[in-house]
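Asks: Requesting a structural model of the entry that follows:
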Amino acid sequence: MADIAPKLIHLSAEELQALHNNVHKSVATPASIEVHHTVLNEMARRKMERPRDDWDNYDILIDTLENVDLTTLGGLPAETILDVIKETGSTTGNIDTFLTINGYQMRVESVEKRISKEGDKYTVYNEAGTRSFGTYDSREEAEERLRQIEFFKAEQSYKPPKSVREAAQRAIEWIDGGLAGGGFTSVGRTRAGQLARGENISIDTLKRMKSFLARHKVDGQALGFNRGEKGFPSAGRVSWDAWGGDAGFAWAESMVERYENAIEKHGDHDQADHGNRDGGGSGGEDKGSSNRPAMAPDEAPSKGQSKEAITEAEKLRSKAEIFEPVITGLIENISSSIGAKFGEVDGKSSLVNRLKSTDSLARKIDQDAENDHAGDRAKAAAALSDSIRYTINVDDNNYTEGVEKTIKALEQTGFKVESVKNFWQAGDPYDGTNIKVSREGTKVELQVHTPSSHRIKEVDLHDDYENYRSNKNNTERRALWDGMVDKAKAISRPANMGKLLTIGTLVTQTFQSAQEAGLVKSTGVDIMWIITREGVALCDILQN
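Replies: Sure thing, here's the model as predicted:
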């Protein structure tokens, strides 16, 4: 609530006493208790007689903890902690615990950051100097780190009101019923999902909503747009509600106007300074920056994927779109600091595919749910780690050191390293290091390759792997697998191989039958084939 203490200074003693009496007549809530204690503090400052009554049983501030690691807190829901981390931009916070009429209440404030010069380096600390957020070669890099920390500030996002959520939910039901029309895009479906779920919407997305709805307002004049008309709902009406409908238009206009008024009054700061080139939540509309390639457009789910998997995939994609810009900025800085480059194939940067498409996510969720989660799509989605993914290349001579530096840089930049899988043992088609990290609840996958391991994976093995992944004929699958293993022998070994094999967990992939891959159900024939796969009589048997 707003701080009323400065206003109390200007009240006379009589006015202050009258305010105190009026507060006593109000309903006891945490807010009224706080007002009461603020009034009492002012009365005590003036040495006025302090009343003794039941209100004095509530000592508002009962405990203060500074520079707390929020991820270690118990007793609060995980989603609450995540919201606080996003709002403050850090996993560290200062906590004040209050006793209110409804029990205990915890308020988390962001920790002030500062830059300290140490020798020829610059380190970002919290205000108390007890926690480091990274050390950098120049003040400019340290200041960039501060801006990245501030990316998750709450004022950059807005929660859609109930009327907007209801309009988007109507649109989703119409879309699922096949009423969206042939021209409806995956961007519209993504936007409807964001709004219906009540996710925070960035100011840039609100600007796009305002622009889209302003352009399509004319659709309301077509037959079938309004309830009761023939052909209702028209494709235009479905699209209109997918972007929030009338309520969304009014909300977007209001929020954008409020934001622009604040900018005019207080000034602006460049969103690019946050690593956020396009504001997040773009639904595949990322145009890139001057030195960052544009992101590939999202691919809508193909036929055959379950409705549950599609819903979960849309949630993952939506969340990834919000956090991708700042994550990409951090990975770019790490890549530059260790002398690595983003992988390229035929001149096309792997950054183009830094977000996994909704189509790929839904397919993977369906597959993993059946294989590993007893059909539970929500659990399968929660386990996915590569909705945001990157590939960087380090030359053969510096690869081992590059992997070590990458892991260290990720930790120093605020990522939690969940796993490091090392695939450099010979025997399978894949050579590289797979690092899975998380940040503020967002999972990211980083693949570290040499130029040759990346080229062979993406060029020489790509088509064979795609065929292997979908082929149900085990004879053909085995031939594809053996061929990929043979081609992978051309991948050169990095320098200091002995040390490289001590990093992370060594993993060697093995051949999977179609049944083991979840492509077909188990049959007796399948078991016989595994046992006697060299037998000529069984080689051409197909599984059902």
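Asks: So, low pLDDT: which residues of the stretch 351-500 of the chain?
Replies: Scanning the stretch 351-500 of the chain for pLDDT under 70 picks out 440.
Asks: where do the strands sit along it?
Replies: Remark: strands assigned in the stretch 351-500 of the chain by DSSP state E, counting those that start in this stretch are 388-393, 416-422, 433-439, 442-449.
Asks: just so I know, which of these lies nearest residue 369?
Replies: strand 442-449 (17.2 Å; Cβ to Cβ). The C-beta positions use only the backbone N, C-alpha and C, and glycine is treated the same way.
Asks: Pairing partners for the closest one, with directions?
Replies: strand 388-393 (parallel), strand 433-439 (antiparallel) (DSSP bridges).
Asks: okay, the angle between that strand and strand 416-422?
Replies: If you take axes from the mean of the first three to the mean of the last three Cα atoms, to 10 degrees, strand 442-449 sits at 30 degrees to strand 416-422.
Asks: Around residue 138, count how many other residues there are.
Replies: Residue 138 sits with 11 neighbouring residues when counted by other Cβ atoms under 10 Å.
Asks: Just say helix, strand or coil for the spatially closest residue to it that is not a sequence neighbour.
Replies: The shortest distance from residue 138 to any non-neighbouring residue, by Cβ to Cβ, 6 or more residues apart in numbering, is to residue 122 (6.6 Å). Assigned with DSSP: H, G, I helix; E, B strand; the rest coil, residue 122 falls in the strand class.
Asks: try residue 300
Replies: Residue 300 ends up coil, using three-state DSSP.
Asks: Tell me the gap between stretch 298-317 and the middle of its chain.
Replies: 17 Å (Cα atoms, centre = their mean, to the nearest Å).
Asks: repeat for stretch 7-27
Replies: Counting by Cα atoms, centre = their mean, stretch 7-27 comes out at 47 Å from the chain centroid.
Asks: quick one, phi psi at residue 188?
Replies: Backbone geometry at residue 188, expressed as degrees, to the nearest 10, gives phi -60, psi -40.
Asks: Which pLDDT value goes with it?
Replies: With respect to pLDDT, residue 188 scores 85.
Asks: and it, how many neighbours does it have?
Replies: Should you count by other Cβ under 10 Å, residue 188 turns out to have 22 residues around it.
Asks: I'd like the strands of the stretch 351-500 of the chain as JSON lines, with distance to residue 316 and mean neighbour count appended.
Replies: Below are these laid out as JSON lines (distance: least, Cβ to Cβ, whole Å; neighbours: other Cβ atoms under 10 Å):
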{"stretch": "strand 388-393", "distance to residue 316": "9", "mean neighbour count": "23"}
{"stretch": "strand 416-422", "distance to residue 316": "16", "mean neighbour count": "16"}
{"stretch": "strand 433-439", "distance to residue 316": "14", "mean neighbour count": "21"}
{"stretch": "strand 442-449", "distance to residue 316": "9", "mean neighbour count": "23"}
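Asks: mind giving me TSV with those strands and columns for distance to residue 357?
Replies: As requested, those are exported to TSV (distance: least, Cβ to Cβ, whole Å):
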stretch	distance to residue 357
strand 388-393	11
strand 416-422	23
strand 433-439	20
strand 442-449	15
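Asks: To residue 378, which of those lies closest?
Replies: Each of the strands of the stretch 351-500 of the chain was scored for nearness to residue 378 using Cβ to Cβ, and the closest is strand 442-449 (15.1 Å).
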